[in-house]
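Peer 1: Sequence plus the predicted model coming up.
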Amino acid sequence: MNLMNLKIKMEIKMEIKIENSKIEKSKMEKSKIVKNKIGKNKIETTNISDSRKTAEVWKYFDIRTEHHPDHPVCKSCGQVFSQKTGNSSLKRYLKTHQIFISKKNLQQTTINFQTITPRFSIEQEARDHAIVIWIIVNQ
């Protein structure tokens, strides 16, 4: 029994190592080698979250600044924020510059499907009656 458990544990560890290597490989694929000012190679990773900055608020903030990379910087006054600062905080900050961002006018899409009754009304009434009797008897 212990031999089987040991074998299973080893297989699980091997699968975890394979998954971790896949993750590391995908991280490296998202990196690129660039030359820095000294001439040495360095790896520059592209921040995936930067590409997802689609909220209206990001039009007023710069993320790719020379002095504060990956930090939101206000384009109006140069105020630097934490990397973890969210959309709501930035939106609240913009109010100090008299910039008000309204919510997008989103409207729910309605789809008009033809409704189909799955059962005949007589059959449905018989089932409803049977359920009512079942509920009354079980009380």
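Peer 2: Received the coordinates, thanks.

Peer 1: where in the protein is pLDDT low?
Peer 2: Scanning the chain for pLDDT under 70 picks out 1-5, 22-52, 105-106, 117-119.

Peer 1: Helices of that one, start to end?
Peer 2: For the chain, applying DSSP state H gives helices covering 2-29, 87-94, 121-137.

Peer 1: Distance to T65 and mean neighbour count for those helices - can I get that in CSV?
Peer 2: Bear in mind the C-beta positions are built from the backbone N, C-alpha and C, glycine included. Shown next, in CSV, are these (distance: least, Cβ to Cβ, whole Å; neighbours: other Cβ atoms under 10 Å):
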stretch, distance to T65, mean neighbour count
helix 2-29, 24, 10
helix 87-94, 15, 15
helix 121-137, 66, 10
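
Peer 1: export those helices to TSV and tack on distance to K59?
Peer 2: Putting the helices of the chain into TSV (distance: least, Cβ to Cβ, whole Å) gives the following:
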stretch	distance to K59
helix 2-29	29
helix 87-94	10
helix 121-137	55
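
Peer 1: Nearest to P72, out of those?
Peer 2: Nearest to P72, of all the helices of the chain, is helix 87-94, at 6.4 Å by Cβ to Cβ.

Peer 1: pull the CA atoms of the closest one into CSV?
Peer 2: Output of helix 87-94 as CSV, limited to C-alpha atoms (Å, rounded to 0.1, in the frame of the first residue of the first chain):
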residue,chain,number,x,y,z
ASN,A,87,-9.9,52.4,-11.5
SER,A,88,-12.2,53.7,-8.8
SER,A,89,-9.4,55.5,-6.9
LEU,A,90,-8.0,57.0,-10.1
LYS,A,91,-11.5,58.1,-11.1
ARG,A,92,-12.0,59.7,-7.7
TYR,A,93,-8.6,61.5,-8.0
LEU,A,94,-9.6,63.0,-11.4
